[in-house]
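>>> the sequence and its predicted three-dimensional model are supplied below.
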Amino acid sequence: MTVQDIRAFNRFYTNVIGALDYSRQLYAPYTLTESRVLYELAHSPRTDAADLRGELSLDAGYLSRILNKFEEAGLIERTTSASDPRRRHVTLTEKGRETASLLAERADESVGALLATVPPDDRPRLSEAMLTVRTLLSDGRPPRREDVLLREPAPGDLGWIVQRNAALYAAEFGWNADYEGLVARIVADFVEDHDPHLERVWIAELDGRPVGCVMCVRDEAPATARLRLLLVEPEARGLGVGDRLVRAVIDFARGVGYHELVLWTNDVLAAARRIYQRHGFVLAAEKPHRSFGKDLNGQDWRLDLDGTRE
């Protein structure tokens, strides 16, 4: 392989995905770089301009012009860090979240149309080839936040949710098969009777493999959604996957009109509880119980979707 081989492939691929005319591809007034900045902001609850520069390898002046454009359009808000006046926090406004969501939807449609041209029998080869390229060119680099994508479940993913919940909780907390049965019932109920406009599942994917999941389902209480089965694989922890999954549920629940988001967990799940607290959930009640072969302390957490904005 030569340098010219790689350059030829780059020219081919950028043409295939429309990178040189990205705004026309998505019917939106944003370049590929601008869309990527919006994507990062949408998947990071709190981001500094310095973080964006580092993660995207952008020139400071170029990023500043992009953020100025977004601020003028009402897509972002910038505030000075209380701990370090040199740092500026950047957060999406409601309009910014709606714009990022629309761009993501159009990008999914564009890629979906491209994938539809590949025969189903050839798609595993394509996936393997893409993974090979990423692996060889990463040069042993550890995974980064931007390597993780959130998507809807594909065939087999719901079974993966059951299997990985059972395996991980058994390995990390010693829970027995009763927990696997509970997860299986939750997933089965979702498959058999869910409203796609009000309920959803997200899968976090890294290098073509699922590494996390979460569900948003209707609760018995009126105008209330329930967050269920948040899970992040050990290999993907530290990449902000849990935060992104919880943020996805919050944005979805608020967007479709729920007034409150609730969840049930156990106090031994300390990492998950910290994520919930970061996103504004408050502890509503707790009660000891014997489940999954262990003595546990169950907790109910609630988030007022009408009165909270991150």
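It's in.

>>> pull out the buried residues from the helix or strand where Tyr39 lies.
Assigned by DSSP states H and E, Tyr39 belongs to helix 32-42. For helix 32-42, the buried set under the neighbour-count rule, 16 or more other Cβ atoms under 10 Å, comprises 32, 34-42. Glycine gets a C-beta too; all of them are placed from N, C-alpha and C.

>>> check stretch 179-193 too.
So for stretch 179-193, counting by 16+ other Cβ under 10 Å, buried means 179-180, 182-184, 186-187, 190.

>>> again, but for stretch 110-128
Those would be Ser110, for stretch 110-128 by 16+ other Cβ under 10 Å.

>>> now that stretch, how far from the centre of its chain.
Distance of stretch 110-128 from its chain centroid, counting by Cα atoms, centre = their mean, to the nearest Å, is 22 Å.

>>> span of it from start to end?
Distance between the two ends of stretch 110-128: 21 Å, counting by Cα to Cα, to the nearest Å.

>>> model confidence over that stretch, on average?
For stretch 110-128, the mean pLDDT works out to 86.

>>> stretch 57-64 too?
86.

>>> only the C-alpha atoms, please, for it, written as CSV.
This file holds the C-alpha atoms of stretch 57-64, laid out as CSV (Å, rounded to 0.1, in the frame of the first residue of the first chain):
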residue,chain,number,x,y,z
SER,A,57,-8.4,18.9,17.0
LEU,A,58,-9.8,22.2,15.8
ASP,A,59,-7.9,25.5,15.6
ALA,A,60,-9.0,27.8,18.4
GLY,A,61,-9.9,30.6,16.0
TYR,A,62,-11.9,28.4,13.8
LEU,A,63,-13.9,26.9,16.7
SER,A,64,-14.5,30.4,18.1
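
>>> centre of the chain to it, how far?
That offset, for stretch 57-64, works out to 25 Å (Cα atoms, centre = their mean).

>>> show me what contacts Ala177?
Taking Cβ atoms under 8 Å, 6 or more residues apart in numbering, we find Ala177 in contact with Ala166.

>>> no, scratch that, I was asking about Ala225
Counted by Cβ under 8 Å, 6+ apart, Ala225 has contacts 198-199, 216-219, 249, 253, 258, 260-262.

>>> can you do 10 Å?
Counting by Cβ atoms under 10 Å, 6 or more residues apart in numbering, Ala225 makes contact with 198-200, 215-219, 249-250, 252-254, 256-263, 303, 305.

>>> may I see the ChimeraX selection of the buried members of those residues?
This is the ChimeraX syntax for the buried subset of the contacts of Ala225, where burial follows 16+ other Cβ under 10 Å:
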select :199,200,215,216,217,218,219,249,250,252,253,254,258,260,261,262,263,303,305
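
>>> so which of the contacts of Ala225 are in strands?
200, 215-218, 260-263, 303 (DSSP state E).

>>> tell me the one of those nearest Leu126?
Arg200 (26.5 Å; Cβ to Cβ).

>>> now that closest one, nearest residue through space, not along the chain?
Once flanking residues are discounted, Arg200 sits nearest to Cys216: 5.2 Å by Cβ to Cβ, 6 or more residues apart in numbering.

>>> residues contacting the one you found?
If you count contacts by Cβ under 10 Å, 6+ apart, then Cys216 has 190, 194, 198-202, 225-228, 248-253, 256, 258, 261 around it.

>>> so which of the residues you listed are in helices?
190, 248-253 (DSSP state H).

>>> check the gap between Asp122 and Glu128 for me.
11 Å (Cβ to Cβ, to the nearest Å).

>>> nope, Leu32 is what I meant
Taking Cβ to Cβ as the measure, Leu32 and Glu128 are separated by 26 Å.

>>> then Val268?
Counting by Cβ to Cβ, the gap from Val268 to Glu128 is 39 Å.

>>> for Tyr30, same thing?
32 Å.

>>> again, but for Arg218
On the measure of Cβ to Cβ, Arg218 and Glu128 end up 38 Å apart.

>>> any idea which helix is longest in this protein?
Under DSSP H, the chain gives helix 94-115 as its longest helix.

>>> buried residues, it. List them.
For helix 94-115, by 16+ other Cβ under 10 Å, it's 96-97, 99-101, 103-104, 107, 110.

>>> need those residues in TSV (columns: distance to Gly18).
Output for the buried residues of helix 94-115, formatted as TSV (distance: Cβ to Cβ, whole Å):
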residue	distance to Gly18
Gly96	23
Arg97	24
Thr99	19
Ala100	19
Ser101	20
Leu103	14
Ala104	16
Ala107	10
Ser110	7
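
>>> and Arg218, what does it touch?
193-195, 198-199, 224-226, 258.

>>> tell me where the stretch 101-250 of the chain has helices.
Here the stretch 101-250 of the chain has its helices, by DSSP state H, counting those that start in this stretch, at 123-138, 157-173, 177-192, 241-255.

>>> which of those helices comes out lowest on mean pLDDT?
Minimum mean pLDDT among the helices of the stretch 101-250 of the chain: helix 123-138, a mean of 81.

>>> fine by me, we can end here.
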